[in-house]
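Undergrad: give me the fold of what follows.
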Amino acid sequence: PADMTDARIVLSRVASPLCTLERVSHTTIRDVVFEFGQDSAVAIRGGVDNLIAGCTIRNMGRGAVAIGPAETRMEGHLAIETGDDITDGRRNGVVSCDIYDVGTSGISLSGGDRRSLTPANHHAVNNHIHHYSRRKRTNCPAIGLNGVGNRAAHNFIHDAPHCGINYGGNDHIIEFNEASQLCWETGDVGAIYTGRNWTMRGNVVRHNFIHHTVAPGAVGSMAVYLDDSHSSTTIFGNVFYRTDYAAFIGGGRDNVVENNIFVDCRKSVHLDNRSQGWANKYQIPGGDHRMYAKLKEVRHDQPPYSERYPELARILEENPHEPRGNKALRNLCVRGTWPHVFKGAEEIMTFDGNWVTQEDPGFVDAERMDFALVSDARAYEKIPGFKPIPFDHIGLTVDEYRKALPPGAPTIIPDGTAFSDPLDVRIETSSADVDVRYTLDGSEPTGDSALYTTPLTLLHNTHLRAAVFMRTGLTDRPVALSEAQF
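TA: Presented below is the predicted three-dimensional model:
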C-alpha cells in the first residue's frame, strides 16, 4: 500500500442510496459527483422518463445505479408487474456517466413484464465503467439487464475480475459496446452472460467489440456465454479478438451466430449437448435448474409466447434437451479454432457460408486493432452476403453530456507472440496528456512503474502489462490497461 501519512480517509455513515427517486417522473440529474456511500449512489424505483446523465459515480460500497419497479407481486419465482407505469417504471436511463471504484455492480436495469412480454425500455448508454466489483469479486456485472425490452449500448467496460454484462429475460438489446480486460480472476465466466432458461428469448447481441478476455484456469472465459441451455439469442455482427471461447452455446436451442468476425480466438463457436449428459439431472422435471417450472410460469404454449416464439411453444413435443435449431451463418474466422462442437453436432447445427482463413482478410489495420474491412476486402468475395460491421461506431461517443472521450488503452505491437531472437515491442497511445507505464512480470502498473519512452527489447518469456495514466487529476491509478504475453 501507499504511504498513508498524507492520505485522506473517509468513513461513510450513509447506509442507504445517496439519492432515491420513487414514483418520480420526468426528472434529470446531471453533472453530479456521487461518492462515499455504503450502499448504491442512485436508486430509481418506478416512474417514467427519468435520467441520470453526465455524472461521476465512484467510491461506493455497493453499486452505482439501480433502476427497477416500485413494487411487484410474485407468482412462484416470476415477478408480475402491476400494469401501472408509474409503479412499474418505464424509459428510465443512465447516459454518459463515468463509474469506477464501486464495491459491486455498475448499473442494474430491471423492468418489463415477462408474462405479458411488455417492455420497460430502460437504457444504459454511453457509460464508461471500469474497476468495479472491488468488494464482491464475482457475479457483479458492469451492467445487468432483467425483465423485458431493455438496452445497453455504446458503453466501454473494462478492468474487472469477473463479468461485464449479464442479462435475463426477453427482447433485450446489447449493442455497440466495447468490453476488454475482464474475467481477471475466475474461469467459467462470460464477458456477456446469461443462462438456464428456455423461455428467455428474443435477445440480440450485436455490433460489440470484445477482446482480451482470457481467464485463468482450465475452463477459461467466454466472450458471449449462453450457459446451461439458454436459448434463442442472436449474436450478430460482433468482433471477437483474443478470447478463450467467443460464442459459447452451452446446450441451448435456436441460437443464431451470424456475420461475426473472430480473430485469434482459441475457440470461435462452441456447441455442446450438456443437457443430454452431465447437466441432465439438473434440467429434468424437478431438477435444480427449474427448466420445466419456468415454462409453466410464463405459460410458454399460450399467447403471447406461442405467437412470438413458436419454437418454444412446441418444445415439449420434441426432446427439449437436444440442442436443436442452432445456426452459424456467414462468419469470418481468422486463425484460432473453428468450430468447437461435440461429436455429432454437425448433424443438428446448421453451418453455412462461413470462411476460415490464416491470412488477413482485408482489415483496415489489424496491428492497431482496427478490424473494419476495407471496401474491396477478400472477405466479401469469400462470404457472399456478409454485411459490413460498423466498427467505427462501437464504444463511447461524444454527446450532450460527454464532451470528450477518455483515454483508450495503449496498443502493444506486436500483441503477443513466440520469439527466438531479441524482439522489439512498441507501446502506442492516441491520447494526449497521458503517460504510459508498464511492468514485465504481469503485475498491474502503478504510478511508480517504469515510464515507457522507447521500444522495449525482450530477451525471454515476458508478461507485459501497459497502462495509461493521466498527467493531471487522477494521476496515481491506471485509466485503461493492455497486456500481452511473449
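Undergrad: partners of whichever helix or strand Ile57 is part of in the sheet?
TA: In this assignment (DSSP states H and E), Ile57 forms part of strand 56-60. Here strand 56-60 has these sheet partners by DSSP bridges: strand 33-37 (parallel), strand 98-102 (parallel).
Undergrad: got the buried residues for the last one?
TA: Same thing as strand 98-102. 98-100, 102 (16 or more other C-beta atoms under 10 Å). All C-beta atoms are positioned from the backbone trio N, CA, C, and that covers glycine.
Undergrad: could you do the first one as well?
TA: Neighbour counts over strand 33-37 (16+ other C-beta under 10 Å) mark 34, 36-37 as buried.
Undergrad: pull the distance from it to the chain's centre.
TA: 25 Å (C-alpha atoms, centre = their mean, to the nearest Å).
Undergrad: ditto for stretch 431-442
TA: With C-alpha atoms, centre = their mean, you get 25 Å for stretch 431-442.
Undergrad: buried residues in stretch 51-71?
TA: Buried, per 16+ other C-beta under 10 Å, within stretch 51-71: 51-70.
Undergrad: hmm, back to that, show me what the strand holding Ile57 is in contact with.
TA: 10, 32-37, 39-42, 64-65, 97-103 (C-beta atoms under 8 Å, 6 or more residues apart in numbering).
Undergrad: let's go with 7 Å and repeat that
TA: 33-37, 40-41, 64, 97-103 (C-beta atoms under 7 Å, 6 or more residues apart in numbering).
Undergrad: from the chain's centre, how far out does that strand sit?
TA: Distance, centroid of strand 56-60 to centroid of chain: 20 Å (C-alpha atoms, centre = their mean).
Undergrad: run me through the strand neighbours of the following helix or strand past it, direction for each.
TA: Using DSSP H and E, the helix or strand that follows strand 56-60 in sequence is strand 65-68. Each strand paired with strand 65-68, and its direction, by DSSP bridges: strand 42-45 (parallel), strand 107-113 (parallel).
Undergrad: of those strands, flag the one that's most buried.
TA: The highest mean neighbour count among those, using mean count of other C-beta atoms under 10 Å, belongs to strand 107-113: a mean of 26.
Undergrad: quick one: mean pLDDT for the helix or strand hosting Phe240?
TA: Element membership for Phe240, per DSSP H and E: strand 239-243. For strand 239-243, mean pLDDT is 96.
Undergrad: pull the residues that contact stretch 76-87.
TA: Stretch 76-87 has contacts (C-beta under 7 Å, 6+ apart) with 23, 25, 46-48, 69-73, 88, 113-115, 297-298.
Undergrad: same thing but at 8 Å, please
TA: With contacts defined as C-beta under 8 Å, 6+ apart, stretch 76-87 is touched by 23, 25, 46-48, 69-74, 88, 111-116, 118, 147, 290, 293-294, 297-298.
Undergrad: in it, which residues are buried?
TA: 78-79, 81, 85, 87.
Undergrad: among those residues, which are in helices?
TA: Residues from the buried residues of stretch 76-87 lying in helices, with DSSP state H as the criterion: 85, 87.
Undergrad: mind putting the buried residues of stretch 76-87 into CSV with distance to Arg242 and pLDDT?
TA: Listed next are the buried residues of stretch 76-87 as CSV, based on distance: C-beta to C-beta, whole Å; pLDDT from 0 to 100:
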residue, distance to Arg242, pLDDT
Leu78, 39, 95
Ala79, 38, 95
Glu81, 41, 96
Asp85, 44, 97
Thr87, 45, 98
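Undergrad: could you export the buried residues of stretch 76-87 as TSV, including distance to Thr397?
TA: Putting the buried residues of stretch 76-87 into TSV (distance: C-beta to C-beta, whole Å) gives the following:
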residue	distance to Thr397
Leu78	37
Ala79	33
Glu81	32
Asp85	29
Thr87	33
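Undergrad: could you single out the nearest of the buried residues of stretch 76-87 to Asn354?
TA: Proximity of the buried residues of stretch 76-87 to Asn354 (C-beta to C-beta) peaks at Leu78, which lies at 38.1 Å.
Undergrad: mind listing what's buried in the helix ranked longest in the chain?
TA: In terms of residue count, the longest helix belonging to the chain (DSSP H) is helix 291-298. Neighbour-count burial for helix 291-298 flags 291-292, 294-295, 297-298 (criterion: 16+ other C-beta under 10 Å).
Undergrad: what do you get for stretch 461-469?
TA: Across stretch 461-469, burial judged by 16+ other C-beta under 10 Å covers 462, 464-469.
Undergrad: closest to Asn273 among the residues you listed?
TA: Closest approach to Asn273 among the buried residues of stretch 461-469 (C-beta to C-beta): Arg465, at 38.4 Å.
Undergrad: what sits against the residue nearest to that closest one when sequence neighbours are not counted?
TA: Leaving aside its chain neighbours, Arg465 sits nearest to Glu483 (4.3 Å; criterion: C-beta to C-beta, 6 or more residues apart in numbering). Contacts for Glu483 (C-beta under 8 Å, 6+ apart) come out as 181, 212, 412, 442, 463-466.
Undergrad: make a markdown table from those residues and add pLDDT and secondary structure to it.
TA: Shown next, in a markdown table, are the contacts of Glu483 (pLDDT from 0 to 100; DSSP: H, G, I helix; E, B strand; the rest coil):
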| residue | pLDDT | secondary structure |
| --- | --- | --- |
| Gln181 | 93 | coil |
| His212 | 93 | strand |
| Ile412 | 95 | strand |
| Gly442 | 91 | coil |
| His463 | 95 | strand |
| Leu464 | 96 | strand |
| Arg465 | 94 | strand |
| Ala466 | 95 | strand |
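Undergrad: what would those residues look like in TSV with distance to Gly187?
TA: Shown next, in TSV, are the contacts of Glu483 (distance: C-beta to C-beta, whole Å):
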residue	distance to Gly187
Gln181	16
His212	15
Ile412	24
Gly442	17
His463	18
Leu464	22
Arg465	20
Ala466	24
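Undergrad: what is the nearest of those to Leu456?
TA: The closest of the contacts of Glu483, once distances to Leu456 are taken by C-beta to C-beta, is Leu464, at 7.5 Å.
Undergrad: just so I have it, where are all the helices in the stretch 351-486 of the chain?
TA: 378-382 (DSSP state H, counting those that start in this stretch).
Undergrad: much appreciated, bye for now.
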